[in-house]
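> Test case, fold it:
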Amino acid sequence: MAKPQSRGQLINFGLRKLGYPVLEINLDTDQIHDALDDTLQLYQERHYNGIERMYLKYKITQEDLDRGRAKGTDGVGIVTTSGISTNSAGTVTSNFYESSNFLAIPEHVLGVNKIFKFDTSSISGGMFSIKYQLFLNDLYYFNSVELLQYAMTKTYLEDIDFLLTTDKQIRFNQRQDRLYLDIDWGSQSLDTFIVIDCFRALDPEEYRQVYNDPFVKRYFVALMKKQWGMNLIKFRGTKLPGGIELNGREIYDDGVREIEELRSRMMQDYETPPLDFIGWCIMALNPHFLQGSRGEQRLVQSLINEHLKIYGVEVTFIPRKFVNQSTIIEEVTASKFDDNFLIEAYVENYDGYAGAGDVLTKFGMSLRDEVTLTISKERFEEFISPFMEADDDIELSSRPREGDLVFFPLGQRLFEIKFVEHEEPFYQLGSNYVYKLKCELFEYEDEVIDTDIAAIDSQVDDVGYIAELQLVGVGRTATAQAVINTGHISEIFLNNDGSGFSSAPLVSISTSPSGLGGSNATAVAFTTSRANITSVEKILITNAGFGYTEAPIITFTGGGGTGAAATCSINTTSKGVIKFVVTDGGIGFGTVPTITISGGGGTGAVGLASIGINNTQGFNEVKNIFVTNTGSSYTSEPTVTISDPETLSGVGTYFFNEVVQGMRSGTQARVKNWDYDTKILKVSNVGIGTTTTGFFAGEDVKGLESGAVFSVSVFDDDTTDKYNEGDIFESEADLLIDFSESNPFGSF
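You can find the predicted model right below:
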């Protein structure tokens, strides 16, 4: 019903106001009763319609007299409290005694004004009192005295009475339910009545109009709305069928706003005056003027909030979370930004960005724009701080902090808060109402920014230290054929490795006799450096040739070194594998595959593969297969089997900002961009959480959150930084000065 008369009817009324039964109200029964209990408590303690002034009469009992008259250290009504301390002299115990001279007051009494004094003085009590004689002799004949004279005499007598018989000293606390009477209990008599002037809260079960009070109904509905919104905020961003999104934040904001309006209205119009005053003070300021009351402060705060909503812009506040912090100097080594809160802000520098602007430095163009934003202190503390308090990664939640980010939508830019000014304007009416955020353009340094807002996350999608991995979606096994013949080189012996080589020398092998229709042998040399000396390490046969009747001569040319020498042996009696022809280089080889030779009637042939980048497709393939042993006694061409690449089929899709890990190197990085069509993965923070700083070609890269797995074909660690153009300067300088020499300016 519209006029609830009971607890249940008020609950049903509140649910209907929120939309029930058309809507499902996501509140637990206990939450509803808690809201109603809070409403009734506020109404009874703060609203003047929630209390009544009462005069309670109490008859003093013998038990009261016994407790009040108790003296010494023993007896009924004496309470002993001991203080114990231990020092070098031992344990010291001090006993303190107090009298239980109190009356138990009913639970709903909120405050006690006074106890009516016992009228037993000679001035005011008895037949022979001055008051009685004044009435008898002077006022019986009304013409005998003026009323003004009577009034002055009466006032004079009351002053004397107050000095001789003062008000009784009392102490009362609402939460204690005890009324202490600090009087001379020895002068009190049994069954004497005292009258207590007090205020008592209305019991809604007795006075059922409480449930129909407009303030109670509206405040109860607002509390339920706030709790409902708080319950739904947990599911922020959850999509329902039809594209509907839960709006818990809006419901919560509406509830808080209604509560604020009701409490402000109550403080201005319905606030209960203070019931007791404790202590005293010396008034240094003019007592007839308010020096900033709570009502005035609330008015100023409300006007500021309204001004910001009218003239401000809606910015996104992004708190900084500490992921990792140095234990020595407390430096933050890793941080993330994955929360977002909308709040209105006033832009103070209306004529453009402040700061140094765009500055050309030796490292490139530096953008040093600044902006000053003003936000409401109350709005931040009530609508943002409660959600930040539960996050352990946020060290300070009560106010904006230096290092937090603000997304400025008008310029589509991220700004970092450099200083928070909270005392400007300076204590108007005794309080502060705004935060001034002095911000600089944010320079990205591999922080994790994942707010689920595309306009914000895209600001750092391609900046920072970005490395690029060419992955393989579908691998393919390489194939090759073996060629056999007689009169071929069976092995090359390196007799002298030489020295002083700056590059691998060219290996020349004398020609096979042309009269026998032979084929010339070919080989390649590989160098190595030890103790700053570069020499030939090994020689691998690419074609063993055929038709040789005697061992050919091997010579070395080029490479800048000298002294290298080699000889060889030949096989003229049986056929061996003289070379391998790669028919398909395959896809996705990160490591050198294994070559297996079987069949053909012979034995002993060994091949060694080499891999390289396919310049057209951009992935690794088998380039060559060297002959390390030709074998012998082959009657037909043997079968060549090349092992599979690490991953034949990649699966999954990498998530933005997730951590990926190389399954062999252990290197970790954070995903910045993933193109499934080109299989190019861009990552930042390469080496986070590990001591390695790069991925191995051919290893699997797994997304620790998505589970996606692809194989690395090429790892390009030539990182780029939007804010640092040092590499560009270096490469351009190389065109002017040759820094490869020890002295680029020549010798003198």
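> Mind jotting down where the helices sit in this protein?
With helices called from DSSP state H, the chain shows them at 7-18, 29-46, 62-69, 130-137, 147-164, 214-233, 248-265, 294-311, 377-383, 385-388, 454-457, 726-734.
> So what's the gap between the third one and the chain middle?
Here the centre of mass of C-alpha atoms in helix 62-69, compared against the chain's by Cα atoms, centre = their mean, to the nearest Å, lies 62 Å away.
> CA atoms of it as PDB?
Extracted C-alpha coordinates of helix 62-69, given in PDB (Å, rounded to 0.1, in the frame of the first residue of the first chain):
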ATOM      1  CA  GLN A  62      16.500   0.800  49.000                       C
ATOM      2  CA  GLU A  63      18.900  -0.800  46.500                       C
ATOM      3  CA  ASP A  64      19.600   2.600  45.000                       C
ATOM      4  CA  LEU A  65      20.200   4.100  48.400                       C
ATOM      5  CA  ASP A  66      22.600   1.300  49.300                       C
ATOM      6  CA  ARG A  67      24.600   1.700  46.200                       C
ATOM      7  CA  GLY A  68      24.600   5.500  46.400                       C
ATOM      8  CA  ARG A  69      25.500   5.600  50.100                       C
END
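> can you list contacts of that helix?
Helix 62-69 has contacts (Cβ atoms under 8 Å, 6 or more residues apart in numbering) with 75-77, 99-101, 103, 181, 183, 185-186, 188, 190. The way it works is simple: take the backbone N, C-alpha and C, and place the C-beta from them, glycine included.
> Is it possible to mark the buried ones in those residues?
Burial of the contacts of helix 62-69 was assessed by neighbour count (16 or more other Cβ atoms under 10 Å); the buried members are 77, 99, 101, 103, 181, 183, 185, 188.
> Skipping adjacent residues, who's closest to residue 486 in space?
Using Cβ to Cβ, 6 or more residues apart in numbering and skipping the chain neighbours, the partner closest in space to residue 486 is residue 575 (5.2 Å).
> what about the one you found, neighbour count?
Residue 575 is surrounded by 24 other residues when neighbours are defined as other Cβ atoms under 10 Å.
> Next up, the contacts around it.
Under the criterion of Cβ under 8 Å, 6+ apart, the neighbours of residue 575 are 484-486, 602, 632-635.
> among those residues, which two are most distant?
Maximum pairwise distance in the contacts of residue 575, criterion Cβ to Cβ, is 13.0 Å, between 485 and 633.
> neighbour count winner among the two?
The residue with the greater number of neighbours, taking residue 485 and residue 633 and applying other Cβ under 10 Å, is residue 485; the counts read 19 against 14.
> distance between the ends of stretch 169-184?
The straight-line separation of the ends of stretch 169-184 (Cα to Cα, to the nearest Å) is 10 Å.
> just to revisit the earlier point, of the buried ones among the contacts of helix 62-69, which one scores lowest on pLDDT?
When it comes to pLDDT, residue 77 is the least confident member of those, at 72.
> Nearest to residue 23 among the buried ones among the contacts of helix 62-69?
Among the buried ones among the contacts of helix 62-69, residue 103 lies closest to residue 23 (Cβ to Cβ), at 51.4 Å.
> coming back round to it: present the contacts of residue 575 as JSON lines; the columns should include pLDDT and distance to residue 509.
What follows is these, written out as JSON lines (pLDDT from 0 to 100; distance: Cβ to Cβ, whole Å):
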{"residue": "484", "pLDDT": "90", "distance to residue 509": "19"}
{"residue": "485", "pLDDT": "90", "distance to residue 509": "15"}
{"residue": "486", "pLDDT": "88", "distance to residue 509": "17"}
{"residue": "602", "pLDDT": "90", "distance to residue 509": "23"}
{"residue": "632", "pLDDT": "89", "distance to residue 509": "20"}
{"residue": "633", "pLDDT": "89", "distance to residue 509": "24"}
{"residue": "634", "pLDDT": "92", "distance to residue 509": "22"}
{"residue": "635", "pLDDT": "90", "distance to residue 509": "27"}
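> Let me have the residues you listed in TSV, adding distance to residue 346 as columns.
What follows is the contacts of residue 575, written out as TSV (distance: Cβ to Cβ, whole Å):
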residue	distance to residue 346
484	86
485	88
486	93
602	88
632	90
633	92
634	88
635	92
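> List only buried entries from these.
So, by 16+ other Cβ under 10 Å, the buried ones in those are 484-486, 602, 632, 634.
> Where in the chain is the helix or strand with the lowest mean pLDDT?
The helix or strand of the chain with the lowest confidence, counting by mean pLDDT, DSSP states H and E, is helix 130-137 at a mean of 58.
> Run through who's touching stretch 343-357.
For stretch 343-357, the external contacting residues (Cβ under 8 Å, 6+ apart) are 307-309, 311-317, 367-376, 379-380, 383-384, 406, 410-411, 436-437, 440-441.
> Make a PyMOL selection of whichever of these turn out to be buried.
In PyMOL, this line selects whichever of the contacts of stretch 343-357 come out buried by 16+ other Cβ under 10 Å:
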select buried, resi 308+312+315+316+317+367+369+370+371+372+373+374+375+376+379+380+383+384+406+436+437+440+441
